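Undergrad: Have a look at this fold, sequence not included:
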């Protein structure tokens, strides 16, 4: 049915218009959301912007769609798996059906994974386009490699820094009403993001004040008691080892493991074990060298409305 299905012109137009609305709405996202979207598009390759996708769907027609459909099953990489209320026998039977009906004449190929652009040392700034009266920025720090220990360190640093960053930028300085710090790994490479949106403060101030806060946070870390540090450490471990709340969460976690070809399905457990080995000096050293010092690889994507 999938191979033989042919949509009507009306069905095509309905789908085209729905996609057009979706891409147009994405371009009207809040500016902090736009900085995050553009960060992903900048670093993950290949990627396509909403503007590029909108142009493509505007130019497409039903004939172009059918041409893609006709060639789609010629070459594929196929992964079939099942979990939950299903047996191995059921999965095998389903895969045989798919092989017979859909993939009988398909050439199985190896599809390369997306790659991650590596930032240069230092801080790069890039202005984005948005449609809003607020300013916004995302200050992103990329780890030096895909080392899992870096993911553990940045995860614990984010756990420690997120509440003080919010207090400083939102409560004390009142720079923005959207403020958060978060671990932001991409394609298994660790990253740390600081995000702010403000109705009154220019983006350059948001960036410089975030940098100042991070620099001063070294002293905060040095003054932190071992008891407080261990509390943060255990909190992150508990979060990593938390069981999925539903089948969708479990499915997403399993797909992430399949994507990196980890058939042990134990990435979160490995990260939790690494977090347990970390010390306060580990975090302070990483903060000094990789977030503030010469090993820093960072980019700030920002937006200011024209009236600021």
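TA: Now that the structure is in, tell me what you want to look at. Just so it is clear, the structure is predicted and the values come from calculations on it, not from any experiment.
Undergrad: Pairing partners for residue 76 in the sheet, please.
TA: Beta-bridge pairing for residue 76 (DSSP bridges): residue 108.
Undergrad: Which positions in the helix or strand residue 179 falls within come out as buried?
TA: Using DSSP states H and E, residue 179 maps to strand 178-183. Within strand 178-183, the residues that count as buried by 16 or more other Cβ atoms under 10 Å are 178, 179, 180, 181, 183. Backbone N, C-alpha and C define where each C-beta goes, glycine included.
Undergrad: mind listing the helices for this protein?
TA: 9-27, 31-43, 50-59, 62-72, 88-101, 148-166, 203-223, 226-240, 247-259, 267-277, 280-286 (DSSP state H).
Undergrad: Can I get these in JSON lines including mean neighbour count, mean pLDDT and distance to residue 302?
TA: JSON lines is the format used below for the helices of the chain (neighbours: other Cβ atoms under 10 Å; pLDDT from 0 to 100; distance: least, Cβ to Cβ, whole Å):
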{"stretch": "helix 9-27", "mean neighbour count": "13", "mean pLDDT": "97", "distance to residue 302": "17"}
{"stretch": "helix 31-43", "mean neighbour count": "21", "mean pLDDT": "98", "distance to residue 302": "7"}
{"stretch": "helix 50-59", "mean neighbour count": "14", "mean pLDDT": "97", "distance to residue 302": "18"}
{"stretch": "helix 62-72", "mean neighbour count": "12", "mean pLDDT": "93", "distance to residue 302": "37"}
{"stretch": "helix 88-101", "mean neighbour count": "11", "mean pLDDT": "90", "distance to residue 302": "47"}
{"stretch": "helix 148-166", "mean neighbour count": "21", "mean pLDDT": "98", "distance to residue 302": "17"}
{"stretch": "helix 203-223", "mean neighbour count": "16", "mean pLDDT": "98", "distance to residue 302": "4"}
{"stretch": "helix 226-240", "mean neighbour count": "15", "mean pLDDT": "98", "distance to residue 302": "29"}
{"stretch": "helix 247-259", "mean neighbour count": "13", "mean pLDDT": "92", "distance to residue 302": "30"}
{"stretch": "helix 267-277", "mean neighbour count": "16", "mean pLDDT": "97", "distance to residue 302": "31"}
{"stretch": "helix 280-286", "mean neighbour count": "17", "mean pLDDT": "98", "distance to residue 302": "25"}
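Undergrad: To residue 124, which of the ones you listed lies closest?
TA: helix 31-43 (9.8 Å; Cβ to Cβ).
Undergrad: which other helices and strands contact that closest one?
TA: strand 135-142, strand 191-198, strand 297-303 (3 or more Cβ pairs under 8 Å, 6 or more residues apart in numbering; DSSP states H and E).
Undergrad: quick check: angle from it to helix 50-59?
TA: Per axes from the mean of the first three to the mean of the last three Cα atoms, to 10 degrees, the angle that helix 31-43 makes with helix 50-59 is 80 degrees.
Undergrad: Mind listing residues that contact helix 31-43?
TA: Contact with helix 31-43 is made by 26-27, 29, 47-50, 116-117, 119, 126, 128-130, 132, 134-138, 140, 142, 178, 186, 193, 195-197, 299, 301-303, as judged by Cβ atoms under 8 Å, 6 or more residues apart in numbering.
Undergrad: just how off-centre is stretch 223-243 within its chain?
TA: 23 Å (Cα atoms, centre = their mean, to the nearest Å).
Undergrad: same question, stretch 151-163
TA: Per Cα atoms, centre = their mean, the centroid offset for stretch 151-163 relative to its chain is 16 Å.
Undergrad: for stretch 242-256, same thing?
TA: For stretch 242-256, the distance to the chain centre is 17 Å (Cα atoms, centre = their mean).
Undergrad: Over to stretch 121-141?
TA: Distance, stretch centre to chain centre, for stretch 121-141: 16 Å (Cα atoms, centre = their mean).
Undergrad: next one: stretch 68-81
TA: For stretch 68-81, the distance to the chain centre is 26 Å (Cα atoms, centre = their mean).
Undergrad: same deal with stretch 65-73?
TA: 30 Å.
Undergrad: List of residues touching stretch 237-245?
TA: Contacts for stretch 237-245 (Cβ under 8 Å, 6+ apart): 155, 250, 253, 268, 269, 271, 272, 275, 276.
Undergrad: how about the second one, what does it touch?
TA: Spelled out, it's residue 250. Residue 250 neighbours (Cβ under 8 Å, 6+ apart): 83, 84, 244.
Undergrad: let's see it at 6 Å
TA: residue 244 (Cβ atoms under 6 Å, 6 or more residues apart in numbering).
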